[in-house]
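Visitor: Sharing a model that was predicted from the sequence below.
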Amino acid sequence: MTTPRSDAQLLAAHRDGDPGAFAELVGRHTDRMWGVAVQTLADRDAAEDVVQEALLSAHRNAHRFRGDASVRTWLHRILVNACIDRIRREAARRTVPWPSHDVPSRRPDTASELATRMAVADALAELPTEQRLAVVLVDVQGFSVAEVAQILDVPAGTVKSRCARGRTRLARLLGHLREEA
């Protein structure tokens, strides 16, 4: 029985011409990357596009990976940059409010659960991009503050303050949910 190759080994094998190495790496990380993108962009179609753009960029630029961070962190940094670019492009041409799209669940929702999820998605969409990314990566996706600091290329204290500000704003935007419960 062979031991599975690490992410770094897979990326090195890809750079050395192994045709299946990058596909295996993608298989390990696509679901989580898609989760970050859909929570950040609040649009499933845009999230799919951004994940594909990020993976294509990673594939093309694998030779630039220096090993300063984990491969997972590197992939998510590429993804976050692609999300920021998409948000900027959309903001430049947006003339109507940002549409809210439901994020799929593995089980059927009751009406109140669906309303809550839609309210959370709308509230996340109202956060400034930097706060939204920090909150999604830390609170939704479970990355550590240190990992998010590497992904966003900012100090850990900045991640903490963005999360704190984002959470405060979310609490204000979603306060009505507490009153309904």
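Guide: Looks like it arrived, so ask away. Residues are numbered from 1 along each chain as shown.
Visitor: In what element of secondary structure is the nearest residue to residue 116 once chain neighbours are set aside found?
Guide: Nearest non-adjacent residue to residue 116, counting by C-beta to C-beta, 6 or more residues apart in numbering: residue 177, 6.1 Å away. From N, CA and C alone the C-beta is placed, and that goes for glycine too. Element membership of residue 177, judged by DSSP states H and E, is helix 175-180.
Visitor: Residue nearest the middle of the protein, spatially speaking?
Guide: Central residue of the chain (C-alpha atoms, centre = their mean): residue 36, 2.1 Å from the mean position.
Visitor: That one contacts residue 141, doesn't it?
Guide: Yes: using C-beta atoms under 8 Å, residue 36 is in contact with residue 141, at 5.5 Å.
Visitor: which residues are common contacts for the two?
Guide: Residues touching both residue 36 and residue 141 (C-beta atoms under 8 Å, 6 or more residues apart in numbering): none.
Visitor: Around residue 38, how many other residues sit close by?
Guide: A total of 23 residues lie near residue 38 under the criterion other C-beta atoms under 10 Å.
Visitor: swap in residue 62?
Guide: Look at residue 62: counted by other C-beta under 10 Å, it has 18 neighbours.
Visitor: Quickly find the element holding the residue nearest to the centre of the chain.
Guide: helix 21-41.
Visitor: Buried residues of that helix, list them for me.
Guide: By neighbour count with 16 or more other C-beta atoms under 10 Å, helix 21-41 contains the buried residues 21-22, 25-26, 29, 32-41.
Visitor: and if you look at stretch 66-75?
Guide: 69, 71, 72, 73, 74, 75.
Visitor: and the longest helix along the chain, what does it pack onto?
Guide: Longest helix of the chain, by residue count under DSSP state H: helix 71-93. Packing partners of helix 71-93 (3 or more C-beta pairs under 8 Å, 6 or more residues apart in numbering; DSSP states H and E): helix 7-15, helix 21-41, helix 44-60, helix 129-135, helix 145-152.
Visitor: which other helices and strands contact the third one?
Guide: Taking 3+ C-beta pairs under 8 Å, 6+ apart as contact, the helices and strands that helix 44-60 lies on are helix 21-41, helix 71-93.
Visitor: Buried residues in it, which are they?
Guide: Going by neighbour count (16+ other C-beta under 10 Å), the buried part of helix 44-60 is 46, 47, 50, 51, 53, 54, 55, 57, 58.
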